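Chemist: after the sequence you'll find the predicted model.
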Amino acid sequence: MTVEKLTTETSIDLRVDLGRLSLKNPILVASGTFGYAREMAELVDLSRLGGLLPKTITQLPRLGNAPPRTVETTGGMLNSIGLDNDGIEHFIAHHLPYFREIESALIVSIAGRTPDDFVGLASRLAECDGIAAIELNVSCPNVSGGVDFGTDPALCEQLLQQIRAACPLPLIAKLTPNVTSISTMAKAAEQGGVDAIALINTCLGMAVDWRRRKTRLGNGMGGLSGPAIKPIAIRAVYQASRAVSVPLVGIGGIATLDDVMEFLVAGASAVQIGTANFYDPTVSTRILDGLPEALDEAKVASVKELVGTLQFPS
């Protein structure tokens, strides 16, 4: 490492705050794309990341949706996993001890069919050591009823208020783009008492095989992710940043350092890297390597200075 690079890295402040949740840097990995971290440990220095989000857990084990569960599309990927997981108690017993050994913030993603499911999950996790925050997946398009709480502002606000009352941990609401107004949903989440808002989850899509007259996913429809949805995600982050005061986490098509910088300028305080992990597991740390130099090029001394500085052409 050159003296010039060392000086840049040590003089740039990468720390960010998502409400009460403080992170050492803004680079996180998205739930469902990084397994339970063990799978990536030989490829990635997990302790360098700002935060880790294992795959979403539910109250009881779920088998998920019928295969095929993934299909490549132009500039992206459709998935219909259906929240396949072994349930919260298995997570606490078998995965949480491993995460406690990693010096990165653990943000646990949860999903439920009813308010009682969400409240029960959040309350149970609040009893456990080693969890920095909870991400509330109110936006999964691949399960029955999965987006109900994320598309109705009143339901969303009521749900988040109930969880907030039952759980002292920092809460992050993950919102769906499959709504008429992302600003309205962001306001509902803020009024529900969350510490931050993550957006976006996948866009509902479909792929068909016209020769066989069948859908390419076993569940028919699935969530579109990858570079194809980045413009939608950046738009959502910008609109939400104009509507709420809580910090935002940008998700959607992030694969390069430039992508990260675009989300920060648009209003995100942190980002989650998702689909890119499937084809380039080391992308998160490589982006982190280049972040100080990019911030220096932007003539800012910290990530916080860059957030929300987007200007429209005059």
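Modeler: It's in.

Chemist: for Glu190, what are its contacts?
Modeler: Taking C-beta atoms under 8 Å, 6 or more residues apart in numbering, we find Glu190 in contact with 197, 244-246. All C-beta atoms are positioned from the backbone trio N, CA, C, and that covers glycine.

Chemist: just give me the closest of these to Val260.
Modeler: Within those, the smallest distance to Val260 is 17.9 Å, found for Ile197 (C-beta to C-beta).

Chemist: quick one: the strands in the stretch 1-150 of the chain?
Modeler: Secondary structure of the stretch 1-150 of the chain, counting by DSSP state E, counting those that start in this stretch: strands at 16-18, 21-23, 27-29, 51-52, 70-73, 76-79, 105-110, 133-137.

Chemist: return the distance of the third one from the chain's centre.
Modeler: Looking back up the chat, that one is strand 27-29. Computed by C-alpha atoms, centre = their mean, to the nearest Å, the chain-centroid distance of strand 27-29 equals 8 Å.

Chemist: ok, residues contacting it?
Modeler: Strand 27-29 has contacts (C-beta under 8 Å, 6+ apart) with 49-53, 107, 249, 260, 270-274, 277, 284, 287-288, 291.

Chemist: can you pull out the low-pLDDT segments for the protein?
Modeler: Applying pLDDT under 70 to the chain flags residues 1-10, 140-148, 314.

Chemist: can you pull out the helices in it?
Modeler: Under the criterion DSSP state H, the chain contains helices at 3-11, 88-90, 96-100, 115-126, 148-151, 153-166, 182-191, 230-243, 257-266, 276-279, 283-297, 303-306.

Chemist: follow-up on the earlier one: in PyMOL, how would I select just the buried ones from the contacts of Glu190?
Modeler: Applying 16 or more other C-beta atoms under 10 Å to the contacts of Glu190, the buried members can be selected in PyMOL as follows:
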select buried, resi 197+244+246
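
Chemist: what is the burial count for Gln191?
Modeler: Using other C-beta atoms under 10 Å, Gln191 has 15 neighbouring residues.

Chemist: equivalent analysis for Thr309, please.
Modeler: 12.

Chemist: cool, Glu42 as well?
Modeler: For Glu42, using other C-beta under 10 Å, the count is 7.

Chemist: circling back to that earlier point, out of the helices of the chain, the one nearest Arg20 is which?
Modeler: Comparing the helices of the chain by C-beta to C-beta, helix 153-166 comes nearest, at 12.0 Å.

Chemist: so what touches the closest one?
Modeler: 115, 118-119, 122-123, 126, 136, 138, 148-150, 171, 173, 184-185, 187-189, 191-194.

Chemist: isn't Leu125 right up against Glu135?
Modeler: No. At 10.9 Å, Leu125 does not count as touching Glu135 under the criterion of C-beta atoms under 8 Å.

Chemist: name the residues contacting each of the two.
Modeler: What both Leu125 and Glu135 touch, as defined by C-beta under 8 Å, 6+ apart, is the set 108, 110.

Chemist: ok, those two, which is more surrounded?
Modeler: Glu135 (26 against 21).

Chemist: check contacts around that one.
Modeler: 31, 53, 107-110, 172-174, 198.

Chemist: test my guess that Ile232 contacts Gly252.
Modeler: Yes. With contact defined as C-beta under 8 Å, Ile232 and Gly252 form a contacting pair (6.6 Å).

Chemist: between the two, who's got more neighbours?
Modeler: Gly252 (32 against 17).

Chemist: that one and Lys230, how far apart?
Modeler: Computed as C-beta to C-beta, to the nearest Å, the Gly252 to Lys230 distance reads 5 Å.

Chemist: and what of Ala294?
Modeler: For Ala294, the distance to Lys230 equals 17 Å [C-beta to C-beta].

Chemist: these two: which has the busier surroundings?
Modeler: Using other C-beta under 10 Å, the more surrounded residue of Ala294 and Lys230 is Lys230, with 22 against 18.

Chemist: which ones are touching Val108?
Modeler: Applying C-beta under 8 Å, 6+ apart, the residues contacting Val108 are 53-54, 57, 91, 125, 131, 133-135.

Chemist: now with 6 Å, please.
Modeler: 125, 131, 134 (C-beta atoms under 6 Å, 6 or more residues apart in numbering).

Chemist: one more: Ile57?
Modeler: Ile57 touches 85, 88, 91, 110, counting by C-beta under 6 Å, 6+ apart.

Chemist: I'm done for today, thanks for sticking with me.
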